[in-house]
Each structure stands twice: as C-alpha cells, then as structure tokens.
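Trainee: Sequence and computational prediction follow.
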Amino acid sequence: MLVAAAVCPCPPLLVPDVAAGAAPELDAARTACADALSVLAASRPDRLVVVGPAEVDEPWVYPQGARGSFKGFGVDVGVRLGAPGAAEPGSEGPGSAAPERALPASLAVAAWLLERVRWADAPVEGLGVDQRLAAERCAEAGRELAALAPRVALLVMGDGSACRTLKAPGYLDERAAAFDAGVARALGAADTTALTALDASLAYELKVAGRAPWQVLAGAAEGADPAGQLLYEDAPYGVGYFVAAWS
C-alpha cells in the first residue's frame, strides 16, 4: 500500500556539477526536493520505488545498485540507485528487469537526490516509463507497485511542459501555462482523478516528461487517500518544475 510519495523534477541541472555556474538558480528546487524526500523517510516504508521517464517500450525495472552517470552532460559524475551493499529487492514489479542497463537521466537525478538525504534501510528500485505510455497502463503499473509491500513509498520524477517561453526547449505554446497550472493543483491536492485525466496527446505535444510517472502515482494512490502539499512551482528555462509531498 502506498504510504507516501515525493514528486520532483528531473532536469540534470539539479546536479550542481552539471549546472556549474548556474547552480544557484535551482537552489530553491533542491531544497524543496530534500523536504519532500524527508516525508518519504519519515513514512518508514518497506519499499521505495523511483519512477521516472525513460525511452523504453514497456515499464522497465532498474534494480537497486543500478548505475548511472552525467557524462553525457559534460561531467564525470556517477551515481548508484540505493545505498551500496544493501539487500537488493526482487524484480517482481510491473516491468522487465535490466541489471545491465544504465539508469536513464531521470532516475540518475533521483539517485543523486537520494544520496544526499538520510535514508532508511528500505530496499530501493527504479521503474522507467515511456512518456507515450497510455494512462490505463500507467495506472495499472501504479497499482502493481502499491501491492509490492505493506508500506510502499514512491519518488516520482518528471517535468511539466517544456513550452513555457520563447526560449524554452519546445518554444512557446500558449496552452502550456494552463496545463502546468492544472498539474500543480492536482499535485498539491493529491487529486488522483485529475492526474489520471491528463490528456496524453496534449502532454506529448507540450513535451511534458512527467505525465506518465504522475499517472503511475495516481494508480498507486488508489484507495490510499493521501494528503498533498505543493512545495515548489516554477518554470526556469521555460520548463515547468514541481515538487510535492503526499502522505
């Protein structure tokens, strides 16, 4: 059963070595992420699953200890998912296990965040989901995650629209601000109905990386009735970033 969730953005720029001189611009986001992760730790879960966007055909499990790096972003910084030496969970979750696969960027950012938070001894694994995955399949994956253990926590990585300004990666789209505002309301209120109803086609057009992970969260929260709190909302670089905590 889902007992807590943290929602964080997943730009590699959250890692100061990647951001370099621009690192202070996301200090507030990093602080909010740390606050959200403290909610997860306080929930004392039996299992932590990190969910994030990835280029995969089907939801894909990344086991504890899976490695990632930010070499593709110009810095030789490596990460591991979960505490080194901890017992690795099985791969009975909603996807295929791939020990040999490197972490996608979203889960590498999550691993970096987890390394900087005092974490419990619960086993950790990752789940990569494609941004085109249907809402129904996302919800199904979430329900399967919630059933993995009596107390499951999720760290959900994903960005909003990348079309908020003229200089945004996807250029300016007038629909982007309204879409992101709806996401912010839903995350802050732990509104699973609103998250499930997000338009997948529109999200794809607006280059929303978080739609599928958020809908996995909605499926996992079915029957849990969590309370939500929006800790951060902004659109630096023309991309919507949100941090929320559910418990």
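Mentor: Cool, got the structure.
Trainee: What are the phi and psi values at the spatially most central residue of the chain?
Mentor: When Cα atoms, centre = their mean is applied to the chain, the residue found nearest the centroid is residue 157 (1.2 Å). Per-residue torsions, residue 157: phi -100, psi 140 (degrees, to the nearest 10).
Trainee: What of residue 80?
Mentor: Dihedral angles (degrees, to the nearest 10) for residue 80: phi -130, psi 150.
Trainee: I figured it was touching residue 63, is that so?
Mentor: No: taking Cβ atoms under 8 Å as the definition, residue 80 is not a contact partner of residue 63, at 10.7 Å. Where you see a C-beta, it was placed from the backbone N, CA and C, and this is true even at glycine.
Trainee: Can you tell me the SS state at the residue of the chain lying at maximal distance from its centre?
Mentor: Distance from the C-alpha centroid of the chain, by Cα atoms, centre = their mean, peaks at residue 166 (25.8 Å). At residue 166 the chain is in coil, as set by DSSP: H, G, I helix; E, B strand; the rest coil.
Trainee: That one contacts residue 173, doesn't it?
Mentor: No: applying Cβ under 8 Å as the test, residue 166 and residue 173 come out as separate, 10.5 Å apart.
Trainee: Looks to me like residue 117 is in a helix.
Mentor: No: counting by three-state DSSP, residue 117 is not part of a helix but coil.
Trainee: quick one: it from residue 240, how far?
Mentor: 24 Å (Cβ to Cβ, to the nearest Å).
Trainee: quick one: which of those two has more around it?
Mentor: residue 240 (28 against 16; other Cβ atoms under 10 Å).
Trainee: Which strands or helices does the longest helix along the chain pack on?
Mentor: Identified as the longest helix of the chain according to DSSP state H is helix 27-42. Helix 27-42 makes packing contacts with strand 2-8, helix 105-115, strand 152-157, strand 228-234, strand 241-246 when contacts are defined by 3 or more Cβ pairs under 8 Å, 6 or more residues apart in numbering; DSSP states H and E.
Trainee: Residue 169 in helix, strand or coil?
Mentor: At residue 169 the chain is in coil, as set by three-state DSSP.
Trainee: Correct me if wrong: it contacts residue 162.
Mentor: Yes: with contact defined as Cβ under 8 Å, residue 169 reaches residue 162; the gap is 4.4 Å.
Trainee: what's the weakest-modelled helix or strand in this structure?
Mentor: The least trusted helix or strand in the chain, going by mean pLDDT, DSSP states H and E, turns out to be strand 96-97, with a mean of 52.
Trainee: circling back: disregarding flanking residues, what is the spatial nearest neighbour of the residue farthest from the centre of the chain?
Mentor: In space, residue 166 comes closest to residue 172 once its chain neighbours are excluded; the distance is 4.8 Å by Cβ to Cβ, 6 or more residues apart in numbering.
Trainee: what residues does stretch 105-114 touch?
Mentor: 8, 10-12, 14-15, 33-34, 37, 50, 52-54, 62, 66, 68-70, 72-73, 77, 79-82, 103, 124, 126, 128, 155, 157-158, 209, 213 (Cβ atoms under 8 Å, 6 or more residues apart in numbering).
Trainee: what does the average pLDDT come to for that stretch?
Mentor: Mean pLDDT, stretch 105-114: 97.
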